[in-house]
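Colleague: Predicted coordinates and the sequence they were generated for:
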Amino acid sequence: SSGINAEYGGHPDLRLHVITAFRHAVKLAVDEMVYGEAESMEEVLGNMRALRRDWYIGREEDGEWSEGILSGRRYLFSLYLNEESVYSSRTLSLQRLPVSVGQLNRTALRALWASLAFELYYLTNDDEERYSIQAHPNILRNLCVQSADVPLGYPIYQSPLILIPHL
C-alpha cells in the first residue's frame, strides 16, 4: 500500500482517477471510430459528461460492474479478449420491457384436459399437430395440453439441478 501511495505521489485516490480517465478515453476513442469524429469541442464535452453520468466502464469481473447493475446505471461497457484472442466490447443498456403476468384458472385447466380426453378417447383424433392443441393462445392451450397427465399429455422431464450464478 505504501508503494502504491508513493507511486502516485501519496494520493491514494489518484490511481482510481487515472484508471477512470483511461477507461473514458478508450470509450471515447471507440465511439469516434464507430460513429465518426465529434464535430465540436462542446460535443466532446457533452459526451464526457454523459460517460460520467450514465455509464460504468470497466471489467465485468469487478464489483463495480455488479454495483452498476444494481444501482440502475443506464449503460455498462467493457472490453475483453475473446476466445480467438481478439478484443471485443460488450455494451449493456437498461431498458423497460413490458411483461405480461397471468394466472390460469384451475377449473379452466381441468376443462381443457377433459376436452382433450374426449377428443383422444372418443373421437380418436391422435394427430399430434391437430388444431385443437394450438387453438386459444390466450389460455396457453398448447402448454396446458402438454402438462396433462400421461397418456393424454407428455411425460414430465426432470433435469438435474442447474445452478445459475447471479449478482
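Modeller: In hand now; what should we look at? Residues are numbered from 1 along each chain as shown.

Colleague: where's the residue of the chain most remote from its centre relative to residue 54, distance?
Modeller: Of all residues in the chain, the one whose C-alpha sits farthest from the chain's mean C-alpha position, using C-alpha atoms, centre = their mean, is residue 122 at 46.6 Å. Note on residue 122: its distance to residue 54, by C-beta to C-beta, to the nearest Å, is 63 Å. In short, each C-beta sits where N, CA and C put it, glycine included.

Colleague: now do residue 111
Modeller: Between residue 111 and residue 54 the distance is 51 Å, computed by C-beta to C-beta.

Colleague: Residue 29 too?
Modeller: Counting by C-beta to C-beta - residue 29 and residue 54 are separated by 18 Å.

Colleague: Also residue 119?
Modeller: 56 Å.

Colleague: So between these two, which is more surrounded?
Modeller: residue 119 (17 against 12; other C-beta atoms under 10 Å).

Colleague: Name the next helix or strand downstream of the helix or strand of the chain with the lowest mean pLDDT, please.
Modeller: The helix or strand with the lowest mean pLDDT-type score in the chain, counting by mean pLDDT, DSSP states H and E, is helix 2-7 (a mean of 52). Elements were assigned by DSSP states H and E; along the chain past helix 2-7, the next helix or strand is helix 12-35.

Colleague: which element follows that following helix toward the C-terminus?
Modeller: With DSSP H and E setting the assignment, the helix or strand that follows helix 12-35 is helix 41-54.

Colleague: Point out the other elements, helices or strands, that that following helix touches.
Modeller: Under the contact criterion of 3 or more C-beta pairs under 8 Å, 6 or more residues apart in numbering; DSSP states H and E, the helices and strands touching helix 41-54 comprise helix 12-35.

Colleague: Next, the buried residues of the helix it packs on.
Modeller: Judged by neighbour count using 16 or more other C-beta atoms under 10 Å, the buried positions of helix 12-35 are 23, 24, 27.

Colleague: Skip the chain neighbours and tell me the closest residue to the second one.
Modeller: So the one you mean is residue 24. Leaving aside its chain neighbours, residue 24 sits nearest to residue 51 (5.1 Å; criterion: C-beta to C-beta, 6 or more residues apart in numbering).

Colleague: next one: the last one
Modeller: Across the structure, with C-beta to C-beta, 6+ apart as the measure, the residue nearest residue 27 apart from its sequence neighbours is residue 57 (5.2 Å).

Colleague: Spit out the contact partners of residue 20.
Modeller: residue 57 (C-beta atoms under 8 Å, 6 or more residues apart in numbering).
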